[in-house]
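Give me a model of this one.
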Amino acid sequence: GEELDVFMSYCWANKEAVKALHHSLEEAGLKVWRDEAQMSGGCSLFASIDAGIRRCKVFLALMSSAYVVSVNCGREFALASDLGRLVIPVLLEPMQWPPAGTFGPLLAGKLYVPCHEHSDKDTVCKLIDAVRCAL
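Numbering: from 1, shown residues only. The predicted model follows:
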């Protein structure tokens, strides 16, 4: 498949916030992979996610309290890390940093982009700039 700029890794509990962010990233001209947008009936979810992560340059970990306890989000994050993808953590809500648990050692020392529900355009622009710098 074609190369992608961004893979959006998120927990379904946050899918409305993620949809709006996806729209902003695409409006900025970035090629984005998000499961709901890329998949149709009959697709293998895990095979499709695997292909998306392998084709992306930047892995956006859209962090929330639900994300950090999700087994599937942890698997996506681990695959992206193992493949050497640039990971940009994005905080969808105020939370402890680094988060406790599985993600703590993986994210210690990493900078994150806060992008809470009511973030202004400036915050979204900062995220787009961070992605562009990584490409």
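
the bottom helix or strand of this structure by mean pLDDT?
Lowest on mean pLDDT, DSSP states H and E among the helices and strands of the chain sits helix 35-38, with a mean of 64.

Next secondary structure after that one?
Of the helices and strands lying after helix 35-38 in sequence (DSSP states H and E), the nearest is helix 45-55.

mind saving the C-alpha coords of that following helix as PDB?
C-alpha atoms of helix 45-55 as PDB (Å, rounded to 0.1, in the frame of the first residue of the first chain):
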ATOM      1  CA  LEU A  45      -9.000  -5.700  12.100                       C
ATOM      2  CA  PHE A  46      -5.600  -6.800  13.300                       C
ATOM      3  CA  ALA A  47      -4.100  -7.300   9.800                       C
ATOM      4  CA  SER A  48      -5.400  -3.900   8.800                       C
ATOM      5  CA  ILE A  49      -3.900  -2.200  11.900                       C
ATOM      6  CA  ASP A  50      -0.600  -4.000  11.300                       C
ATOM      7  CA  ALA A  51      -0.500  -2.800   7.700                       C
ATOM      8  CA  GLY A  52      -1.300   0.800   8.800                       C
ATOM      9  CA  ILE A  53       1.400   0.900  11.400                       C
ATOM     10  CA  ARG A  54       4.000  -0.600   9.000                       C
ATOM     11  CA  ARG A  55       3.100   2.000   6.400                       C
END
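
could you check the angle helix 45-55 makes with the following helix or strand past it?
Later in the chain than helix 45-55, the nearest helix or strand by DSSP H and E is strand 56-63. Between strand 56-63 and helix 45-55, the angle comes out at 120 degrees (axes from the mean of the first three to the mean of the last three Cα atoms, to 10 degrees).

Any idea what residue 88 is bridged to?
residue 60 (DSSP bridges).

can you count the residues close to it?
Residues near residue 88, counting by other Cβ atoms under 10 Å, number 20. In short, each C-beta sits where N, CA and C put it, glycine included.

mind checking how far it is from residue 12?
According to Cβ to Cβ, to the nearest Å, residue 88 and residue 12 sit 20 Å apart.

Give me the neighbour count for residue 22.
22.

In space, not sequence, find me the middle residue of the chain.
residue 60 (2.6 Å; Cα atoms, centre = their mean).
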